[in-house]
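Asks: Quick one, what's the 3D model for this:
(one chain, ligands or ions: 2)
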Amino acid sequence: MPEASARPSTIECDLCIIGAGSAGLTAAAGAAQLGAKVVLIERGEMGGDCLNTGCVPSKSLIAAAHMAHSFTAGLEMGVGEGLAPRINFQAVHDHIHGVIGQIAPHDSVERFESLGVQVLKESAKFTGPDQVVAGPYTVKARRFVVATGSRAVVPPVPGLRELEPMTNETVFDLTELPEHLLIVGGGPIGLEMAQAFARLGSKVTVVDVATILPRDEPEAAELARKKLGDERIVLYENAKLIDPKRTADSVSATIEANGEDHQIAASHILVAAGRSANVNDIGLTAAGVEFTPKGITVDGRLRTSNRKIFAVGDVAGGPQFTHIAGYHAGIVIRNALFGLPAKVDYAALPWVTYLDPEVAHVGLVESEARKQHEDVQILVEHFDENDRAQTEKRVEGFIKLVLTKRGKVVGATVVGPHAGELIGIWGLVISGKLSLAAVAGMIAPYPTLAEISKRVAGSYYKPKLFSPLTQNFVKLIQRWLP
Ligand SMILES: Cc1cc2nc3c(=O)[nH]c(=O)nc-3n(C[C@H](O)[C@H](O)[C@H](O)COP(=O)(O)OP(=O)(O)OC[C@H]3O[C@@H](n4cnc5c(N)ncnc54)[C@H](O)[C@@H]3O)c2cc1C
Ligand SMILES: NC(=O)c1ccc[n+]([C@@H]2O[C@H](COP(=O)([O-])OP(=O)(O)OC[C@H]3O[C@@H](n4cnc5c(N)ncnc54)[C@H](O)[C@@H]3O)[C@@H](O)[C@H]2O)c1
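Replies: Ligands and ions are numbered 1, 2, ... in the order given. Reported below is the predicted structural model:
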């Protein structure tokens, strides 16, 4: 490697991307492989939140918790009597970081350099509408992509910030299992962590100012609430955290819920109460880019108020998921490299909360559909009607379809085993504008959980198919058939 001083301090390129998380990496890999000259600037770990402090560590922790739970989950089938898992939390920590280490090469500087991307491990800041300064470099580009992500918000509860609570950036560094974990926030992060730590043996208390999983169907939240209760997680909804304090070996606080005060003494506190976009200290004003604390203001093509600058992923102020970060990157590549007016379309936006049972959704929930469409129809099937779910003793859960008056699918929710895998077909139905008949007519292998999709689709046609009219018609044509 040449000395830094020997490098030119001004770099010119087609696309300069700030942030090497899911959004920035996908944009960089795609653009470089299409032949563009790309500079990618990252100030922290390559891979951003998803790899280092988000999806990958959380799903690895959940996998360990699932293993622990499986010791007792088979009791009803006569398996596991007298068994109890012994948890070595240092080893759980090592498993989490081992998985990160396995995936890291895919997101590494070396891999991106091998794709032809110039990677600068610096903090980037716009100094004008068409240039960025990153350490000793000035980068001038035809187009810029801001992919700086988001970080955990510590809500303005007096005393909370002073406690220095854990966030997603620190919780995966724990090497000892918390005895009692207090979680502030009952969104996807809070609930996934609540069930995982509880299954590994922590006592867990969750407090939310509102209700849990507010973006999902109320029935889905209700089932999650019941399951968490069954697993002895204490959940306070529509509740207020008051006067949190750190004592020598615990965190004490009052939780006001249902007109009563509950005193809590927890060993650890985790904040998972939403995210704020990384919009500060990157020179957006100098670049003429408008933003709010929720994120950078973008149009449907993900263009900012400076038409040469795009924003993607969590910082773009919309849905905050890794798959959306990747989707955004594809939209920007079409706009920035090909000049095509590609726009985001969230009609088939899926998300999954990795509880057990999983809560998966795509498109509109019923209440949203009722605001947008007349005469919405609802179809529901339960897993207790599914033979595979019966064999596995995993019958809690359901599929719910939201349809327009004409039978077009605009939303689907699956709560149950492998719901995240089962929701895929409904994303395809919505994005591909397929009819319910396509799903009702498929041959689903028996016995699979996937049969629930065929069954719910078939239920749409059942009243017409098995009606007196059809029955009379069948009787009639029997007379004519040879
Ligand atoms: C605990 C947790 C679990 C999650 N689980 C899931 C899940 O299961 N499924 C899912 O789809 N999503 C999940 N998410 C959300 C997902 O992680 C994010 O939506 C995704 O990582 C956003 O990617 P991004 O590229 O927009 O931002 P980030 O991954 O945050 O990347 C932004 C990058 O920009 C860098 N950066 C910031 N400012 C600068 C600067 N000035 N100069 C240079 N670099 C800069 C940062 O260091 C960072 O690396 C989870 C999130 C958390 C916190
Ligand atoms: N499985 C997944 O796909 C997954 C998993 C984790 C995170 N994520 C992404 O990360 C984002 C952030 O997740 P999150 O759970 O931090 O945020 P969130 O905004 O989804 O949920 C935050 C919760 O905290 C509550 N809250 C806010 N202020 C509070 C206070 N003062 N006291 C108590 N509760 C309070 C809110 O009512 C809400 O229920 C999600 O929106 C999601 O896009 C996705």
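
Asks: Give the burial count for G229, as a bare number.
Replies: 11 (other Cβ atoms under 10 Å). Bear in mind the C-beta positions are built from the backbone N, C-alpha and C, glycine included.

Asks: How about A389?
Replies: 23.

Asks: contacting residues around the host helix or strand of it?
Replies: Using DSSP states H and E, A389 maps to helix 387-391. The contact list for helix 387-391, computed with Cβ atoms under 8 Å, 6 or more residues apart in numbering, reads 383-384, 395, 397, 416-417, 446-449, 451-452.

Asks: can you list the residues you listed in a markdown table and add distance to A104, secondary structure and neighbour count?
Replies: Converted to a markdown table, the contacts of helix 387-391 look like this (distance: Cβ to Cβ, whole Å; DSSP: H, G, I helix; E, B strand; the rest coil; neighbours: other Cβ atoms under 10 Å):
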| residue | distance to A104 | secondary structure | neighbour count |
| --- | --- | --- | --- |
| F383 | 37 | helix | 23 |
| D384 | 42 | helix | 12 |
| V395 | 39 | coil | 16 |
| G397 | 35 | coil | 27 |
| G416 | 33 | strand | 24 |
| P417 | 30 | coil | 21 |
| Y446 | 41 | coil | 9 |
| P447 | 39 | coil | 14 |
| T448 | 35 | coil | 16 |
| L449 | 33 | coil | 23 |
| E451 | 39 | helix | 20 |
| I452 | 37 | helix | 24 |
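
Asks: one step back: helices or strands next to the helix or strand just after the helix holding A389 in the packing?
Replies: Using DSSP H and E, the helix or strand that directly follows helix 387-391 along the chain is strand 398-403. Counting contacts by 3 or more Cβ pairs under 8 Å, 6 or more residues apart in numbering; DSSP states H and E, strand 398-403 packs against helix 218-230, helix 366-372, strand 377-382, strand 409-416, helix 451-465.

Asks: Dump those to TSV, plus distance to ligand 2 and mean pLDDT.
Replies: Output for the helices and strands packed on strand 398-403, formatted as TSV (distance: least, Cβ to the nearest ligand atom, whole Å; pLDDT from 0 to 100):
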stretch	distance to ligand 2	mean pLDDT
helix 218-230	10	98
helix 366-372	16	98
strand 377-382	23	98
strand 409-416	14	98
helix 451-465	21	95
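
Asks: Just put those in JSON lines and tack on distance to S123.
Replies: JSON lines is the format used below for the helices and strands packed on strand 398-403 (distance: least, Cβ to Cβ, whole Å):
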{"stretch": "helix 218-230", "distance to S123": "39"}
{"stretch": "helix 366-372", "distance to S123": "39"}
{"stretch": "strand 377-382", "distance to S123": "50"}
{"stretch": "strand 409-416", "distance to S123": "41"}
{"stretch": "helix 451-465", "distance to S123": "47"}
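
Asks: Between the ones you listed, which one is closest to L75.
Replies: helix 218-230 (13.8 Å; Cβ to Cβ).

Asks: next one: the closest one to chain centre, how far?
Replies: Remark: helix 218-230 is offset 19 Å from the chain centroid, using Cα atoms, centre = their mean, to the nearest Å.

Asks: Which residue, other than its chain neighbours, is closest to D107?
Replies: G47 (3.8 Å; Cβ to Cβ, 6 or more residues apart in numbering).

Asks: now that neighbour: how far from L34?
Replies: Computed as Cβ to Cβ, to the nearest Å, the G47 to L34 distance reads 22 Å.

Asks: neighbour-wise, which of the two wins?
Replies: Set G47 next to L34 and count neighbours by other Cβ under 10 Å: G47 wins out with 23 against 13.
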